[in-house]
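Peer 1: Predicted structure and sequence below. I'll ask about it afterward.
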2 protein chains.
Amino acid sequence: MFNSDYLRELSDKVITNLVVPPEAGKLFEPVRYILSLGGKRLRPVMCLMACNLFNDKIDDAVMPAVGVEVFHNFTLVHDDMIDKSDLRRGSPTVHSKWGADQAVLSGDVMAFVATECIGQAPERMLARTLKLFNKTAIEVCTGQQLDIDYEKKGLVTEGEYLRMIELKTAVLIAASLRIGAIIGDASEKDQDLLYDFGRSLGLAFQIQDDVLDTYGETRMFGKKTGSDIVANKKTYLLVKALEMAGGEKLRQLRKLLEARNHDPEEKIQEMKAIFDELEIRLQAEKLAYEYFNKAFESLDQVAVKAERKNEIKQLAVNLIGRAR
Amino acid sequence: MFNSDYLRELSDKVITNLVVPPEAGKLFEPVRYILSLGGKRLRPVMCLMACNLFNDKIDDAVMPAVGVEVFHNFTLVHDDMIDKSDLRRGSPTVHSKWGADQAVLSGDVMAFVATECIGQAPERMLARTLKLFNKTAIEVCTGQQLDIDYEKKGLVTEGEYLRMIELKTAVLIAASLRIGAIIGDASEKDQDLLYDFGRSLGLAFQIQDDVLDTYGETRMFGKKTGSDIVANKKTYLLVKALEMAGGEKLRQLRKLLEARNHDPEEKIQEMKAIFDELEIRLQAEKLAYEYFNKAFESLDQVAVKAERKNEIKQLAVNLIGRAR
C-alpha cells in the first residue's frame, strides 16, 4: 500500500514533467504556473488510493489521476477569471498576471491536456473512464453556472445550494475515486460505493469550508475570516439563515445584505450574531457531520479488507478534521 | 455512397438533437445558439466522407464527426470573445449576446460535449481517435496563441504565418478526415494520405480566404471586402508584402499600417496598389493552387477506386472554387 505523502509526491512529479509542445511556450507558461502552485493534490491522491484499494500496481492510474488534477486547475483558471479573484493559494491568479484573454486560452488548452491524460487509461477501461470524466466535467460547468446564477438570485433554497456544491465540488472528488476504482478493476458495486464516498465527503468538505470561512482561525485557514460575509457570498450559512429567519430577523438580515459602505468588521459581527441566534453554525456542522458519516458508511461497505482502507480513511479524516 | 447534402443534413440533425442536461438550461442556451447558426458543416461532412470512402456503413463515425464540429464551434465562441468580434455568420456572437463570462463558461462546456461525442467512437478505435483529437485540439489552441502573438509582432515571416494557419485551421480539417478514415478501418497509409489531403486543402482554403477578403466580391463573400486591410490583420498578403517590400515601398507600407484615422476606403486602395506592384495576389493564388494540387495528389494515392472519391473531390472543388 502507498501512503498519501508518496502519492502526492508522485502526482507532483508527473504534473511537473508533463511534456509541453516546444513552439507553444507562451500558451503553456500560465499552465505550468497554476500547476506549480501546488495544493493538496487531493483528487489525484484519492484516485490513486482508490486504485490501490484493489490493486498493488497503480501505474495505470497515474496519468488519469493527473488528468483530473489538470482539469481541476483548468476550472480554477476560468472560475477565478469569472469571479475576478486576484489570489489563488496566496499567489496572483492567471488572469491577474497575464490578462483575461490569456487566461481563457491557456485554460482551454488545459482542458485538452486533461483529456489527453485521461486518454492514457488502459484501453479496456478507456471508454468507461472517458465517459465518466466527460459527464463529470459537464456537471462541474453546470455547478459553476448555478453558482453564478445563485449569486444574482434573492432566495436560494437549501436543496438548491446543496445541489450546486454537489455539482461544483463533490462530483469531481467522487469521479476521481471511481476512476481509480475502474482502473483498479473493482466491481461495479465497489465503484458505486467509492463514488458515493467521494460525493458525501465532498459535500461535508464544502459545508465545513463555509463554516470555517466565518468561524475558523485566520491563521489556520489561510484566508481572512469572514470574507464570505463581507462579499455577501451565498454560503450554506447564509442560505440556511435566509430560509429560517422570519419577521424582524429576516428584515435585519436583508438590511445587512443590502447595506453599502458598511464597516466590514461590524458587518461580520452583526451577521454572526444573527447566525448564532438561529443556531446556524450548529446545523451546518451537524449536516457536515452527517455527510461525513455517510461517506464512511459507503467506504465501510467496499469489499476489501479493512486494513487496506486505513490510508484513505486517514486522508478523509485529515481533510475534514483539519481545523477541529 | 452518400453525397454531401445528405451528410450535411445528417450532421445538422444530430447536432440539433444533442441531449442537454435539463437543469443546465442557461449554460446550454448559447451552445444551442452557436450550433444553430449553421455554416457549411465542412468538418463533419469531411469526416463522414472519409469514412464512406472505405465503408458503406458510416453510423459509427457520426458522433465523432459531430464532436469535431462542436469543438470547432467551441473555438469560435472563445476566439470571437478574445478577438472582440461582434458578428459570426451574420448573427451576434455569443459574448456580445450573453457577455464575456457566459461565453467562457458555455464555451468550456462545449469542449466536454465535443469530447463526449468523440468518446462514442467504437471501442477498438477509441484510443487512436481520442489521441488524435486531443493532439489536434492542443494544436488549434497553439495556433490561436500564435495568431494573437503575431498581431502584436512587427515582422512575421511567411513560414511563421503558414505554420500559424496550419495549426489554427488546417490540422482540424486534416484530423476530421483521419478520424473518418480510422473509423472506416482504413490502412495507416491511407489515414496519412487523407490527413495530408486535409492539411493541404486547409492551407489552400485559408490563403484563398485571405485573398478573397481583399479581392473578393462583397456580395459573394458575405463580409465587407478589405476588412482585413482596415484592421491591419496579418494575412498572407500583408506578411508576404512586408517580406518582399524594400526601401521606399517598405516605408510606404509601414506608414500605411501606422496611420491613425486614415479613411478606410483610401487605405484599402493604397494597400491594394502596393500589393499589386509587388504582385502579391498572384503569388498568394499560386501558393493556394500549389496546396490545392498537393491535396489532390494525396487523395489520388488513397487505395480505393477512383469513383468512390468523386464526392469528396467535388466538395473540395466547391470549397476552393467557390469564387473562382
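Peer 2: Nice, I can see it.
Peer 1: The stretch 101-250 of chain A: helices as residue ranges?
Peer 2: A:123-152, A:158-165, A:171-183, A:188-215, A:218-221, A:227-230, A:236-244, A:247-258 (DSSP state H, counting those that start in this stretch).
Peer 1: Of those, which is nearest B:D59?
Peer 2: Closest of those to B:D59 is helix A:123-152, at 17.0 Å (criterion: C-beta to C-beta). C-beta: built from backbone N, CA, C; applies to glycine.
Peer 1: what about the residue nearest to A:K189 when sequence neighbours are not counted, neighbour count?
Peer 2: Nearest residue to A:K189, sequence neighbours excluded (C-beta to C-beta, 6 or more residues apart in numbering or on different chains): A:A303, at 7.3 Å. Using other C-beta atoms under 10 Å in any protein chain shown, A:A303 has 11 neighbouring residues.
Peer 1: which residues sit in contact with A:A303?
Peer 2: A:A303 makes contacts with A:187, A:189-190, as judged by C-beta atoms under 8 Å, 6 or more residues apart in numbering or on different chains.
Peer 1: Residues of the stretch 1-150 of chain A that sit close to chain B?
Peer 2: Taking C-beta under 8 Å from any C-beta of the partner chain as the contact definition, the stretch 1-150 of chain A meets chain B at A:21, A:23-24, A:26-27, A:78, A:81-82, A:100-101, A:104-105, A:107-109, A:111-113, A:115-116, A:119, A:123, A:126-127, A:130-131, A:134-135, A:137-139, A:141-142, A:144-146, A:148-149.
Peer 1: returning to what we had before: between the contacts of A:A303, which is nearest chain B?
Peer 2: A:S187 (20.3 Å; C-beta to the nearest C-beta).
Peer 1: one step back: for the residue nearest to A:K189, give me phi and psi.
Peer 2: Main-chain torsions, A:A303, degrees, to the nearest 10: phi -80, psi 60.
Peer 1: And what about A:K57, helix, strand or coil?
Peer 2: coil (DSSP: H, G, I helix; E, B strand; the rest coil).
Peer 1: how near is it to B:V66?
Peer 2: Using C-beta to C-beta, to the nearest Å, A:K57 is found at 37 Å from B:V66.
Peer 1: now swap in A:R199 and tell me
Peer 2: 31 Å.
Peer 1: do the same with A:Y215
Peer 2: In terms of C-beta to C-beta, A:Y215 sits 49 Å off from B:V66.
Peer 1: between these two, which one's more packed in?
Peer 2: Ranked by neighbour count (other C-beta under 10 Å), A:Y215 and B:V66 place B:V66 first, with 29 against 17.
Peer 1: For the stretch 201-324 of chain A, give me the ranges with low pLDDT.
Peer 2: Scanning the stretch 201-324 of chain A for pLDDT under 70 picks out the ranges A:218-223, A:322-324.
Peer 1: ok and the strand or helix carrying A:D276 relative to helix A:188-215, angle-wise?
Peer 2: Taking DSSP states H and E as the definition, A:D276 sits inside helix A:264-277. With axes from the mean of the first three to the mean of the last three C-alpha atoms, to 10 degrees as the basis, helix A:264-277 and helix A:188-215 are set at 120 degrees to each other.
Peer 1: if we can go back for a sec, so which of the helices of the stretch 101-250 of chain A gets nearest B:V317?
Peer 2: helix A:123-152 (36.8 Å).
Peer 1: what comes up buried for that closest one?
Peer 2: Buried positions in helix A:123-152, judged by neighbour count with 16 or more other C-beta atoms under 10 Å in any protein chain shown: A:125-130, A:132-148, A:150.
Peer 1: how near is the closest residue to A:M164 other than its chain neighbours to A:K168?
Peer 2: Nearest non-adjacent residue to A:M164, counting by C-beta to C-beta, 6+ apart: A:L146, 4.3 Å away. According to C-beta to C-beta, A:L146 and A:K168 sit 7 Å apart.
Peer 1: ok, now A:V20?
Peer 2: 29 Å.
Peer 1: In terms of secondary structure, what does the strand or helix carrying A:I34 contact?
Peer 2: Remark: A:I34 resides in helix A:25-36, with elements defined by DSSP H and E. Packing partners of helix A:25-36 (3 or more C-beta pairs under 8 Å, 6 or more residues apart in numbering or on different chains; DSSP states H and E): helix A:4-16, helix A:59-83, helix A:94-98, helix A:100-118, helix B:123-152.
Peer 1: which other residues reach the next helix or strand after that helix?
Peer 2: Downstream of helix A:25-36, the first helix or strand assigned by DSSP H and E is helix A:42-54. Helix A:42-54 is contacted by residues A:1-2, A:4, A:7-8, A:10-11, A:58, A:60-62, A:64-66, A:68-69, A:72, A:172-173, A:176-181, A:183-186, A:190, A:194, A:198, A:302, A:304, A:308-309, A:311-312, A:315, A:319 when judged by C-beta under 8 Å, 6+ apart.
Peer 1: residue in the stretch 151-300 of chain A nearest to chain B?
Peer 2: For the stretch 151-300 of chain A, C-beta to the nearest C-beta, closest residue to chain B: A:R163, 7.7 Å.
Peer 1: what residues does the helix holding A:D276 touch?
Peer 2: Here helix A:264-277 makes contact (C-beta under 8 Å, 6+ apart) with A:214-215, A:225-226, A:229-230, A:237, A:241, A:245, A:249, A:252-253, A:256, A:259, A:281.
Peer 1: Leaving out sequence neighbours, find the closest residue to A:F112.
Peer 2: B:A137 (4.0 Å).
Peer 1: contacting residues around that neighbour?
Peer 2: A:109, A:111-112, A:115, B:71, B:111.
Peer 1: wait, A:L287 sits on A:I207?
Peer 2: Yes. Applying C-beta atoms under 8 Å, one finds A:L287 in contact with A:I207, separated by 5.8 Å.
Peer 1: more crowded one of the two?
Peer 2: Ranked by neighbour count (other C-beta under 10 Å), A:L287 and A:I207 place A:I207 first, with 28 against 19.
Peer 1: and the more buried one, how far is that from A:L7?
Peer 2: In terms of C-beta to C-beta, A:I207 sits 26 Å off from A:L7.
Peer 1: Excluding covalently adjacent residues, which one is nearest to A:Y33?
Peer 2: That would be A:V94: by C-beta to C-beta, 6+ apart, it lies 6.8 Å from A:Y33.
Peer 1: Any idea how many residues pack against A:K153?
Peer 2: 11.
Peer 1: do you know how far it is from A:I274?
Peer 2: For A:K153 relative to A:I274 (C-beta to C-beta), the value is 20 Å.
Peer 1: Can you give the contact residues for stretch A:78-92?
Peer 2: A:34, A:37-39, A:76, A:93-96, A:100, A:103-104, A:107, A:144, A:148, A:222, B:101, B:104-105, B:108.
Peer 1: What subset of the residues you listed is buried?
Peer 2: A:34, A:39, A:76, A:93-96, A:100, A:103-104, A:107, A:144, A:148, B:101, B:104-105, B:108.
Peer 1: Check which element follows whichever strand or helix holds A:Q283 along the chain.
Peer 2: Element membership for A:Q283, per DSSP H and E: helix A:280-301. Next in sequence after helix A:280-301, counting helices and strands by DSSP H and E, comes helix A:310-320.
Peer 1: still on that earlier bit, deepest-packed of the helices of the stretch 101-250 of chain A, please.
Peer 2: helix A:171-183 (a mean of 29; mean count of other C-beta atoms under 10 Å in any protein chain shown).
Peer 1: That one vs chain B: in contact?
Peer 2: No. Figure legend: helix A:171-183 not in contact with chain B (C-beta under 8 Å from any C-beta); closest approach 12.2 Å.
Peer 1: same question for that helix, mean pLDDT?
Peer 2: Mean pLDDT, helix A:171-183: 98.
Peer 1: what does stretch A:119-137 give?
Peer 2: 97.
Peer 1: gap between that stretch and the chain center?
Peer 2: The chain centroid and the centroid of stretch A:119-137 are separated by 20 Å under C-alpha atoms, centre = their mean, to the nearest Å.
Peer 1: can you check stretch A:181-190 too?
Peer 2: 23 Å.
Peer 1: what does stretch A:47-61 give?
Peer 2: Distance, centroid of stretch A:47-61 to centroid of chain: 21 Å (C-alpha atoms, centre = their mean).
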